[in-house]
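# generate a structure from the sequence data that follows.
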Amino acid sequence: MIVPSGMEMPRATGGRRLAWDALPSEVMAGVERLLGAKVIATIDQPGGFSEGLAARVRLADGRGAFVKAAQSARAPAVAGFHRREAAISARLPPQAPVPRLLGTYDDGDWIALAFEEIAGRLPAQPWRGEELRRVLETVGELASLLTPSPIDEEVLNRPRLGGWPALTPRHERDALAALAPWAADHLDDLIAVEAAAMSPFAGHTLLHGDLYPFNIVMNADRVVVVDWPHAWVGAPYCDVVTVLSSARLSGVDPQPLADAHPLTRHLAQGQIDELLVLHAGFLFRTAVTAGPGADRHLLNMMIALAGASLRWLQERW
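So this is what the prediction gives:
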């Protein structure tokens with residue numbers, strides 16, 4: 001198991017990306033058909049962990065787009081995520097700060113999504129105060145725009161929350177202890193909180209479900225939330241807590257920001273605690289039980305983000 005050193009955000013890109021030229025010729029031609037022009041240049045994009053292509057493309061007519069693609073035979077989970085993201089993105093309201101879906105190529109094996117090109121970059125890490133403020137403001141706007149959810153729940157993923165009970169066997173508990181001794185010592189308490197948690201699920205807001213810095217693009221004028229395959233419906237404050245938990249990795253105290261944000265300042269003590277427990281449980285369970293073929297960059301990120309949630313939880317407890 002890889003243990004990130006210090007409190008910095010680990011490398012924010014998966015290790016199994018494909019270049020545009022590695023796509024089958026029929027897939028490249030299919031993407032060009034849906035975009036209406038030939039691709040003449042590409043730039044691979046940092047951020048996120050999906051296996052497959054993630055690139056900005058420049059078209060012969062001067063336009064640009066962002067294209068992601070995956071092969072079902074090689075990466076079935078990622079291809080499934082892309083198909084769900086296509087269904088979700090097509091239903092998001094046009095005024096939402098999200099990239100507009102331009103089209104989808106799907107031959108049953110390869111799935112490719114083309115989005116409008118968003119000029120910008122990932123938020124700086126460690127977080128800068130003004131950038132974090134702008135992101136939190138955008139998350140509040142998103143919650144307002146996406147309540148009630150514009151998407152039927154059967155289209156969506158199950159919430160990626162919880163997992164502490166899976167860490168009770170001796171081998172898994174020892175692996176957890178190597179990563180987070182406090183969590184291993186308090187595993188029974190964490191399991192009890194997870195079992196009783198209700199607040200995050202009591203709501204009608206469409207949530208991003210994975211709102212960490214690698215899924216945000218920003219420039220001087222806009223903050224745009226990208227990559228929506230893990231969306232689910234629940235309490236409107238959930239994405240705010242996710243962003244704030246990542247800020248703990250930058251040495252930022254999330255509590256004053258939570259106390260000030262309109263979506264979290266009136267919450268009862270246990271509501272944020274529940275969500276932090278559920279976030280950390282999912283991330284640690286996934287990292288600890290991952291097989292030997294798992295992406296090491298992804299495991300590093302999960303462990304770091306889980307640890308950040310736990311540190312905030314410890315400070316609250």
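# can we go C-alpha only for contacts and neighbour counts from here?
Noted.
# how many neighbours does W317 have?
9 (other C-alpha atoms under 10 Å).
# relative to D273, how far out is it?
W317 sits 8 Å away from D273, going by C-alpha to C-alpha, to the nearest Å.
# for H279, same thing?
From H279 to D273 the distance is 10 Å (C-alpha to C-alpha).
# do R121 as well
Distance from R121 to D273, by C-alpha to C-alpha: 31 Å.
# looking at those two, which is more packed in?
D273 (22 against 15).
# what sits against the most centrally placed residue in the chain?
In the chain, the residue lying closest to the centroid (C-alpha atoms, centre = their mean) is D210, at 2.7 Å. D210 makes contact with W228, H230, A231, D239, T242, according to C-alpha atoms under 8 Å, 6 or more residues apart in numbering.
# any chance of the backbone angles for it?
phi -150, psi 50 (degrees, to the nearest 10).
# can you pull out the helices in the stretch 201-317 of the chain?
Secondary structure of the stretch 201-317 of the chain by DSSP state H, counting those that start in this stretch: the helices cover 238-247, 254-260, 269-289, 296-316.
# ignore the last one, the stretch 51-200 of the chain
Counting by DSSP H, counting those that start in this stretch, the helices of the stretch 51-200 of the chain are 76-89, 129-145, 170-179, 181-185, 187-196.
# give me the domain ranges for this protein.
Domain segmentation of the chain under automatic domain parsing yields 17-116, 129-316.
# format those domains as CSV; extra columns: mean pLDDT.
Listed next are those as CSV, based on pLDDT from 0 to 100:
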stretch, mean pLDDT
domain 17-116, 93
domain 129-316, 95
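# quick check: L298 vs Y237, distance?
From L298 to Y237 the distance is 25 Å (C-alpha to C-alpha).
# of the two, who's got more company?
Counted by other C-alpha under 10 Å, L298 and Y237 do not tie: Y237 has more neighbours, with 25 against 20.
# can you tell me which residues contact the residue nearest to that one when sequence neighbours are not counted?
Nearest residue to Y237, sequence neighbours excluded (C-alpha to C-alpha, 6 or more residues apart in numbering): L263, at 5.1 Å. By C-alpha under 8 Å, 6+ apart, L263 lies in contact with G140, P236, Y237, V240.
# pretty sure the third one contacts T264?
Yes - Y237 is in contact with T264 according to C-alpha atoms under 8 Å; the separation is 6.0 Å.
# what is the neighbour count of A65?
19.
# same deal with A231?
A231: 24 neighbours (other C-alpha under 10 Å).
# now it: closest residue in space, sequence neighbours ignored.
H208 (4.5 Å).
# quick one: stretch 30-42 to chain centroid distance?
Remark: stretch 30-42 is offset 27 Å from the chain centroid, using C-alpha atoms, centre = their mean, to the nearest Å.
# quick revisit: the residue nearest to A231 - how many residues pack around it?
24.
# and it, how far from R173?
Distance from H208 to R173, by C-alpha to C-alpha: 30 Å.
# over to R63?
For R63 relative to R173 (C-alpha to C-alpha), the value is 52 Å.
# cool, and R248?
Taking C-alpha to C-alpha, one finds R248 at 25 Å from R173.
# of the two, which one has the most company?
Just comparing R248 and R173: by other C-alpha under 10 Å the higher neighbour count belongs to R248, 24 against 21.
# my read is that that one contacts W312, right?
Yes - taking C-alpha under 8 Å as the definition, R248 is a contact partner of W312 at 7.0 Å.
# what about E130, how many residues nearby?
9.
# who are the contact partners of it?
No contacts exist for E130 under C-alpha under 8 Å, 6+ apart.
# quick check: it vs R33, distance?
Counting by C-alpha to C-alpha - E130 and R33 are separated by 41 Å.
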